[in-house]
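1. how would this look folded up:
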Amino acid sequence: MWLTTARLARKAEFTSTAFNSVLHAASLGDDASKIEYSKLMWREGHHRKAIQNLQGAIQSNAFQSRDSVPVDVSVNTTMNEHQVASNNKVKCHAQLLLAKWLDRAGQTKALALKDAYASGIMSFPRWDKGHYYLGRHYLKLFESERLLPTAKQSNVYAAGETAKLVIENYIRSVVYGTKHYYQTIPKVLTLWLNMGMDVLNPPPRTGREKEMYDHKVNFLDAINRHIKRYTTERMPAFAWYTAFPQIITRISHPHKIVWDVLQTIILKVASNYPQQALWSLLAVTRATQDDRRARGTAVLHKLKGVGDRASEAHTSADR
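-> Sure, this is the predicted structure:
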């Protein structure tokens, strides 16, 4: 409660109230008070001091006690697991906040920043924020490389590996939380589908361009497998529904394997939310372009087959 009071007071710019609340939380032994104190210093403009304070807390294992919950056989095991998850999240929060501040300061190399963001994920992998911030870091590198002339772009960017890292981390973040859907899902679709268009171009015959093209084809295959696996096994259908108009817009994508994965997404959304999604699909069947109309009709036929099989299974279960 003291930390909640401190956070609300900080956002309302009641600095003295915020500091007093942080001191109360610290006196009660809450390690998260160190994070809130650093945020207060950052809010007051003492950026260097805030970074040093948070770095010192992490390096001195100030959050270590929260990671080491003693096992008590008299207490329910599920409660112990919940405590460990909650405790690791505090350490992850501190590490992600430090990485974000170092990134904003602009005085840390990209590799060190990547390690800083990744350390937060290692502390608590089941938090969407960690994967989102690591993906956003890779996206920042991707956007900066894209503005450079082709000759100055790194091999990691030209081969499509940077885009792959953005997509993979954004997809993982979707599994663990809903806060960043409107930032992650549209960007995943854009990067993925654009890469699918890139590999359709005739491959260069020799030189660096040919090598980068071959790598991009391999990375695209890995992205296709990653998205299809998460779509079928882990991602909820409503995650893709948030960007369903964008998906329908690209329904005529010419890359065969990309289209196969895209069709899997459309089928999952439409089968789970037919009253909302079928309107968009029916409009595609009346499109003036032949390829769009054919794709829309094919999806509706497959969707009808899925519905028939589900109905048969339901009838068999009743019998």
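
2. CA only for contacts and neighbour counts going forward, please
-> OK.

3. Could you list the low-confidence segments of the stretch 151-300 of the chain?
-> In the predicted model, the stretch 151-300 of the chain carries no residue with pLDDT under 70.

4. Can you show me the helices along it?
-> Under the criterion DSSP state H, counting those that start in this stretch, helices of the stretch 151-300 of the chain are mapped to 155-158, 161-176, 181-198, 207-233, 237-241, 244-249, 256-272, 274-284, 290-318.

5. Out of those, the one nearest residue 133 is which?
-> Among the helices of the stretch 151-300 of the chain, the nearest to residue 133 by CA to CA is helix 161-176 (8.6 Å).

6. which other residues reach that closest one?
-> Residues outside helix 161-176 that contact it (CA atoms under 8 Å, 6 or more residues apart in numbering) are 126-132, 134-136, 138-139, 141-142, 156-157, 180-181, 184-185, 187-188, 191-192, 216, 219-220, 223, 226-227, 230, 234-236, 239.

7. Just the buried positions in that helix, please.
-> For helix 161-176, a neighbour-count test (16 or more other CA atoms under 10 Å) marks 161-176 as buried.

8. Over to stretch 139-155?
-> Under 16+ other CA under 10 Å, the buried positions of stretch 139-155 are 139, 141-142, 145, 155.

9. From residue 130, how far out is the residue nearest to residue 50 when sequence neighbours are not counted?
-> Using CA to CA, 6 or more residues apart in numbering and skipping the chain neighbours, the partner closest in space to residue 50 is residue 38 (4.7 Å). Separation of residue 38 from residue 130 (CA to CA, to the nearest Å): 19 Å.

10. Give me the more crowded residue out of the two.
-> residue 130 (30 against 24; other CA atoms under 10 Å).

11. Need the buried residues of stretch 139-155 in CSV (columns: distance to residue 99).
-> Formatted as CSV, the buried residues of stretch 139-155 follow (distance: CA to CA, whole Å):
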residue, distance to residue 99
139, 15
141, 15
142, 18
145, 21
155, 25
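
12. Adding secondary structure and distance to residue 50, write these out as CSV.
-> Output for the buried residues of stretch 139-155, formatted as CSV (DSSP: H, G, I helix; E, B strand; the rest coil; distance: CA to CA, whole Å):
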residue, secondary structure, distance to residue 50
139, helix, 26
141, helix, 25
142, helix, 29
145, helix, 30
155, helix, 36
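
13. between these, which is closest to residue 56?
-> Nearest member of the buried residues of stretch 139-155 to residue 56, counting by CA to CA, is residue 141, at 27.9 Å.

14. which one is that closest one nearest to, not counting chain neighbours?
-> Going by CA to CA, 6+ apart, residue 141 has residue 162 as its nearest residue, at 7.7 Å.

15. Now do the contacts for the closest residue to residue 215 other than its chain neighbours.
-> The shortest distance from residue 215 to any non-neighbouring residue, by CA to CA, 6+ apart, is to residue 159 (5.3 Å). Contacts were defined as CA under 8 Å, 6+ apart; by that measure residue 159 touches 212-216, 219.

16. Which among those residues count as buried?
-> Among these, the ones that count as buried (16+ other CA under 10 Å) are 212-213, 215-216, 219.

17. and residue 229, how many neighbours?
-> 13.

18. now swap in residue 101 and tell me
-> 16.

19. That one and residue 95, how far apart?
-> Residue 101 is 10 Å from residue 95, by CA to CA.

20. now residue 102
-> 11 Å.

21. Can you pick out the residue with more neighbours from the two?
-> Counted by other CA under 10 Å, residue 102 and residue 95 do not tie: residue 95 has more neighbours, with 24 against 19.

22. How about that one, nearest residue that isn't a chain neighbour?
-> Nearest to residue 95 is residue 120, by CA to CA, 6+ apart, at 5.1 Å.

23. Quick check: that neighbour vs residue 133, distance?
-> In terms of CA to CA, residue 120 sits 10 Å off from residue 133.

24. Need the residues touching each of the two.
-> What both residue 120 and residue 133 touch, as defined by CA under 8 Å, 6+ apart, is the set residue 96.

25. Which of the two has more residues huddled nearby?
-> The residue with more neighbours, out of residue 120 and residue 133, is residue 120; 28 against 24, by other CA under 10 Å.

26. quick one, phi/psi of the more buried one?
-> Note on residue 120: its backbone torsions stand at phi -60, psi -40 [degrees, to the nearest 10].

27. Can you check the pLDDT for it?
-> Listed pLDDT for residue 120 reads 88.
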